[in-house]
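Pasting the sequence and the predicted model now:
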Amino acid sequence: MLIINSALKKDYIIALLDHQTLDGATFTYVKTDAMKLYFEVTGTDMPSAVKIAKTAIKKSELGSALFFLVDYEKSL
């Protein structure tokens, strides 16, 4: 599960990634929990998905002004 932490513009990030396929990774919005946005990712491994999501957000119209963190749940 991919996790994006952002205090602002959560709806913008969801609209940017939900049901989008970027560089072979398909992102599907799951839920919001406080500042965390959860996405299921198919088509790639999680470390690659983190890079793809970060790049997509940074290249977006508001990306340079947003403070956000992208990570994933690591299984034990």
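Thanks, I have it.

what's in contact with stretch 44-56?
When contacts are defined by C-beta atoms under 8 Å, 6 or more residues apart in numbering, stretch 44-56 is touched by residues 2, 4, 16-17, 20, 22-25, 27, 39, 41, 70-72. Every residue, glycine included, has its C-beta placed from N, CA and C.

Kindly recompute the last result at 7 Å.
Contacts with stretch 44-56, where a contact means C-beta atoms under 7 Å, 6 or more residues apart in numbering, come from 2, 4, 16-17, 22-25, 27, 41, 70-72.

who's in contact with Thr26?
With contacts defined as C-beta under 7 Å, 6+ apart, the neighbours of Thr26 are Val41, Thr42, Gly43.

I'd say the last one and Leu22 touch.
No: assessed by C-beta atoms under 7 Å, Gly43 is found out of contact with Leu22, at 9.5 Å.

quick one: secondary structure of the closest residue to Ala49 other than its chain neighbours?
Leaving aside its sequence neighbours, Ala49 sits nearest to Val41 (C-beta to C-beta, 6 or more residues apart in numbering; 4.3 Å). Recorded secondary structure, Val41: strand (DSSP: H, G, I helix; E, B strand; the rest coil).

now do Pro47
Pro47 ends up helix, using three-state DSSP.

before we move on, what about Ile3?
Here Ile3 takes the strand state, with states given by three-state DSSP.

what about it, how many residues close to it?
Neighbour count for Ile3, taken as other C-beta atoms under 10 Å: 18.

Thr32 - nearest residue in space that isn't next to it in sequence?
Leaving out its chain neighbours, the residue that sits closest to Thr32 by C-beta to C-beta, 6+ apart is Lys10, at 6.3 Å.

Got the confidence number for Ser75?
As predicted, Ser75 sits at a pLDDT of 68.

Quick check: the farthest pair among the contacts of stretch 44-56?
Spatial extent of the contacts of stretch 44-56 (C-beta to C-beta) is set by the pair Gly24 and Asp71 at 20.0 Å.
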